[in-house]
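**Q** Sequence below, structure please.
(2 chains)
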Amino acid sequence: MSGPLTGWRVLDVAETPQGLLAAKMLAEMGADVVKVERARAPRRGAPVDLGEPSPSSWEIAFEAGKRSIAIEPGRAGAAELVLGLARRADAIVAPLGLGLLAELGLDEERLRSEAPRAVLAVTSPHGPLGPLAAAPGADITAQALGGVMWKTGDPDDPPMPGGVALAEGVGALYLMIGILAAVTDAEGSGRGRRVDVSLYGSQIGMQSWEIDSEWLLGRTTERLAVGHPDVSDRRICHAFETAAGWLQIAGVLRARWPELCDMIGEPEMSERWPDERAQAEHIDEIIATFRERLRDRPVEGWLEEIAQRDILGVRVQNDDDIAADPQARSNGYVVEMQHPQQGSLTVVGSPFMFGREPQPALDPPPAPGADADELLAEIGYAPDAIAALRAEGVIA
Amino acid sequence: MTAPLDGIRVVDFTIAQQGPHATKLLADMGAEVIKIERNLGRMGGGEPWMRGFVLAHNRNKRAIALDLKHPEGNEIARRLAATADVVASNYRQGVMEKLGLGYDDLRRANPRVVVVQGSGWGPLGPRASEGAVDMVGHARGGLMWRTGFEGESPMTVGCAVTDQVGALVLCSALLGALARARRTGQGAKVDTSLYGGQVALQAWEFAERSLRGGGDQPRAGTGHPLINGHGIWQAFEASDGWLAIGCTETGKLAALCEVAELEPPAAAPDAEAIAAVASRLAVRLRTRTTSEWVERLRAAGIAAAPVQRYGDIREERQARANGYVLEMDHPEYGPITVAGMPITFDREPIGRATPPPSFGEHTERYLEELGYGWDEITRLRDENVC
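**A** Have a look, this model is predicted:
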């Protein structure tokens, strides 16, 4: 089955990873995503110039599978052609203040009247309401505000973020959920809602369990370098260094505890501390014993034992491990993107599977403006009108 | 105004976090989510430390208790699923099929139905049938290795991020299929996993690895693996707490230095020059309070924020204004504060915060809807079918 959103159209004027990634994931679901960008300007949103070849990792991650039209927002006719694209869109993804759309003189009211069916999805650092609505923000400041930074790291470390742009990525997923709920609704109502998701809000939502627990129980949990603060203080749920590689053992329930102790050659430990209460009291000693014992063998050896003993444990993988993992390949989580200049590139694929078929790789990211003629023809511009727009510098 | 998913019915067989949090989001957005609870009881419901877990993943839902292995309980589940727009589960592969509740069974009675299956590792491949929990998804998904310092232990993000991202991916996928079902009348089978969600979160970092031809990948340390060395992107200690600064544009780096009363770096600073700025900042920022610095930096257009603890968030005005924090009146706990909803529709925070249902709270109501009489319901109760 092709993606369920085949036939849906998305207009993408996003400027941050949150919006760009949400739009890309809609493309993974089959939507026709049209990126409108500024001509002769660097692609917005990349926080750093990594000085790499084109396409950059940024473009591969956030712009693949889209079509592009590049415009000069100051020129007469630019707003009209963007409105033409907006009128047929099921969703428009834009930053708070609407970014490029605002530069074109298109505000929310105008979009609402010209494109009433389109869901208007708005990204922001802190949300559209409240005292920080206009304050600058970034992924790392959202991780700070949202509490996850305080919870990550060893108690002796400074507060640290999760190792990826977590607020942007999780914010993209919440935005997508909002967009898809609103387009489902618009199928019946014919009216597109406005959807807002911020980086800050995404971080709070991401920790619903931990936050609800702390507020309900009135106790704060310590930061733990490895493990979950609500689990790893009462059973083995830690990563251990082996003779080669790291092994993560999941929270082991009582029934498998004797097997686990037996595996590391300490069968009497499960008799001494049989239940969770006893384990919680002696957790530091237990962890120290596991550390000592698990150093003896490489991770592959332990993984074999673990499988035989029906214990849940895995290798702590890096990107090379993931790229080579048949499980990731079989399900389309890692795919090969065919790029005209770079050749075959191993990239992250879609996490969504429809009808038991992994999604194929998206098309490589378009060059800015690559699809202008095709898009303008689709919305009714004749070839000579397109040529005139180009001659006047309205489109690149 | 109506909620966007008003009128959508979800029959929810999910357990743990990946499934229940996804269906909680649907419930927050107005869907009627009917949680099927097996007679075994609710996961973690009895242990005090798991009360927050139940609270966070089950609000705004309805619940019916059913023994799915009993023929009559199974039939009730199948009849209920025939009325659903969405049927969700995250049992191991094959369990729903064994119960006669797989997609091929359900679509015969209900061709519009969207069936979503969550798993640890995806439905295909050598590990398809293996179980998983948050922490092993975190480890295999690469995020645990990326978080933390070079040469040190893997490090976990300080929350159950893998389950939660798994929930978001599952929710997205089912909504994509639901939108299509609304338009075309055709249902679908949808699969997502913890592993796929983790990998999808790392598209940028993974693409960078490919362009560099693989090999060792930098870890995040106190910042981000691809941003470290290109800008100021970390937490600093102030006189009364910590603040985080995200500043990557060269122009803003000069403004940052001005606020901190430091010499600005060269026009195009290299990693060494940026590290020098960071260490001078670390000394300077200790001289004032977090809020003084954050205010000054924001006024200069620089992203800065205090490193908040959950207790700070609870009273924070921005979170309240956008509905990221909600009040709930709970029959057992009284008035409590809970994490809200990150999505707002038409700029109105979602106010729905009905407490999680008690075990099997709505069983009778749904059996009645399916046409069961009181005598029959009583008998099914007595026989522990529901």
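**Q** Need the nearest residue in space to the spatially most central residue of chain A, chain neighbours excluded.
**A** The centre of chain A sits closest to A:Gly169, judged by Cα atoms, centre = their mean, with a distance of 2.9 Å. Ranked by Cβ to Cβ, 6 or more residues apart in numbering or on different chains and with sequence neighbours excluded, the top spatial neighbour of A:Gly169 is B:Leu201, at 4.4 Å. Every residue, glycine included, has its C-beta placed from N, CA and C.
**Q** and stretch A:97-104, is it in reach of chain B?
**A** No - Stretch A:97-104 lies apart from chain B when judged by Cβ under 8 Å from any Cβ of the partner chain; the minimum separation is 13.9 Å.
**Q** Quick one: list the elements packing against the helix or strand encompassing B:Arg320.
**A** Here B:Arg320, judged by DSSP states H and E, is contained in helix B:317-321. Other elements packing on helix B:317-321 under the criterion 3 or more Cβ pairs under 8 Å, 6 or more residues apart in numbering or on different chains; DSSP states H and E are helix A:199-206.
**Q** got the CA positions of the helix it packs on in CSV?
**A** The C-alpha coordinates for helix A:199-206 follow below in CSV (Å, rounded to 0.1, in the frame of the first residue of the first chain):
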residue,chain,number,x,y,z
LEU,A,199,9.3,23.0,21.6
TYR,A,200,8.6,23.7,25.3
GLY,A,201,5.2,22.1,25.3
SER,A,202,6.7,19.0,23.5
GLN,A,203,9.2,18.5,26.3
ILE,A,204,6.5,18.6,29.0
GLY,A,205,4.3,16.2,27.0
MET,A,206,7.3,13.9,26.5
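**Q** Tell me which other helices or strands that helix touches.
**A** Other elements packing on helix A:199-206 under the criterion 3+ Cβ pairs under 8 Å, 6+ apart are helix A:139-145, helix A:166-189, helix B:161-184, helix B:317-321.
**Q** In a markdown table: those, plus mean pLDDT.
**A** What follows is these, written out as a markdown table (pLDDT from 0 to 100):
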| stretch | mean pLDDT |
| --- | --- |
| helix A:139-145 | 98 |
| helix A:166-189 | 97 |
| helix B:161-184 | 98 |
| helix B:317-321 | 97 |
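**Q** Pick the most deeply packed of those.
**A** With neighbours taken as mean count of other Cβ atoms under 10 Å in any protein chain shown, the helices and strands packed on helix A:199-206 reach their highest mean count in helix A:139-145, at a mean of 32.
**Q** ok, residues contacting that one?
**A** By Cβ atoms under 8 Å, 6 or more residues apart in numbering or on different chains, the list of residues contacting helix A:139-145 from outside reads A:17, A:125-126, A:137, A:149-150, A:159, A:161-162, A:165-168, A:171, A:198-200, A:202-203, B:223-224, B:233-235, B:242-246, B:303-308, B:313, B:316.
**Q** Recalculate using a threshold of 6 Å.
**A** Contacts with helix A:139-145, where a contact means Cβ atoms under 6 Å, 6 or more residues apart in numbering or on different chains, come from A:149, A:161, A:165-168, A:199-200, A:203, B:233, B:244, B:246, B:303, B:305, B:307-308.
**Q** Which elements pack onto the worst-scoring helix or strand of chain A on mean pLDDT?
**A** With mean pLDDT, DSSP states H and E as the measure, the helix or strand of chain A carrying the lowest mean pLDDT is helix A:276-281 (a mean of 88). In this structure, helix A:276-281 packs against no helix or strand, with contacts taken as 3 or more Cβ pairs under 6 Å, 6 or more residues apart in numbering or on different chains; DSSP states H and E.
**Q** How about that helix, which residues are buried there?
**A** Taking 16 or more other Cβ atoms under 10 Å in any protein chain shown as the basis for neighbour counts, the residues of helix A:276-281 that come out buried are A:Glu276, A:Gln279.
**Q** can you list contacts of that helix?
**A** Residues from elsewhere that reach helix A:276-281 (Cβ under 6 Å, 6+ apart): A:Arg234, A:Arg235, A:Trp273.
**Q** if I look at A:Lys24, how far off is A:Ile311?
**A** For A:Lys24, the distance to A:Ile311 under the criterion Cβ to Cβ, to the nearest Å works out to 38 Å.
**Q** The two: which has the busier surroundings?
**A** Neighbours around A:Lys24 and A:Ile311, counted as other Cβ atoms under 10 Å in any protein chain shown, are more numerous at A:Lys24. The numbers are 29 against 18.
**Q** is chain B contacted by the one helix or strand A:Ile60 maps to?
**A** According to DSSP H and E, A:Ile60 maps onto helix A:57-63. Yes - with Cβ under 6 Å from any Cβ of the partner chain as the criterion, chain B is reached by helix A:57-63 at A:Ser57, A:Ile60, A:Ala61.
**Q** what about the helix or strand that comes right after that helix and chain B, touching?
**A** Using DSSP H and E, the helix or strand that follows helix A:57-63 in sequence is strand A:66-71. No - remark: strand A:66-71 sits outside contact range of chain B, by Cβ under 6 Å from any Cβ, the gap being at least 13.8 Å.
**Q** Show me what strand A:66-71 is packed against.
**A** Applying 3+ Cβ pairs under 6 Å, 6+ apart, one finds that strand A:66-71 makes contact with strand A:32-38.
**Q** Which strands border the strand it packs on, and is each parallel or antiparallel?
**A** Within its sheet, and counting by DSSP bridges, strand A:32-38 is paired with strand A:9-12 (parallel), strand A:66-71 (parallel).
**Q** I'd like the average pLDDT over it.
**A** For strand A:32-38, the mean pLDDT works out to 97.
**Q** Next: stretch A:375-388.
**A** pLDDT averaged over stretch A:375-388 equals 98, rounded to a whole number.
**Q** Repeat that for stretch A:291-299.
**A** 96.
**Q** What's the end-to-end length of it?
**A** 13 Å (Cα to Cα, to the nearest Å).
**Q** Which residues belonging to that stretch are considered buried?
**A** Going by neighbour count (16+ other Cβ under 10 Å), the buried part of stretch A:291-299 is A:Arg293, A:Leu294, A:Arg297, A:Val299.
**Q** again, but for stretch B:350-360
**A** For stretch B:350-360, the buried set under the neighbour-count rule, 16+ other Cβ under 10 Å, comprises B:Ile350, B:Ala353, B:Pro355, B:Pro356, B:Pro357, B:Gly360.
**Q** what's near enough to touch the residue nearest to B:Gln18 when sequence neighbours are not counted?
**A** Setting aside the residues directly before and after it, B:Gln18 is nearest to B:Gly166 in space (Cβ to Cβ, 6+ apart), at 4.0 Å. If you count contacts by Cβ under 6 Å, 6+ apart, B:Gly166 has them with B:Gln18, B:Leu194, B:Gly197.
**Q** I'd like those residues as CSV, with secondary structure and pLDDT appended.
**A** As requested, the contacts of B:Gly166 are exported to CSV (DSSP: H, G, I helix; E, B strand; the rest coil; pLDDT from 0 to 100):
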residue, secondary structure, pLDDT
B:Gln18, helix, 96
B:Leu194, helix, 98
B:Gly197, helix, 98
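**Q** Just the buried ones from those residues, in PyMOL syntax?
**A** Selecting only the buried members of the contacts of B:Gly166 in PyMOL, with burial defined as 16+ other Cβ under 10 Å, works like this:
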select buried, chain B and resi 18+194+197
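**Q** isn't B:Ala109 right next to B:Ala82, touching?
**A** Yes - under the criterion of Cβ atoms under 6 Å, B:Ala109 is in contact with B:Ala82, at a separation of 4.2 Å.
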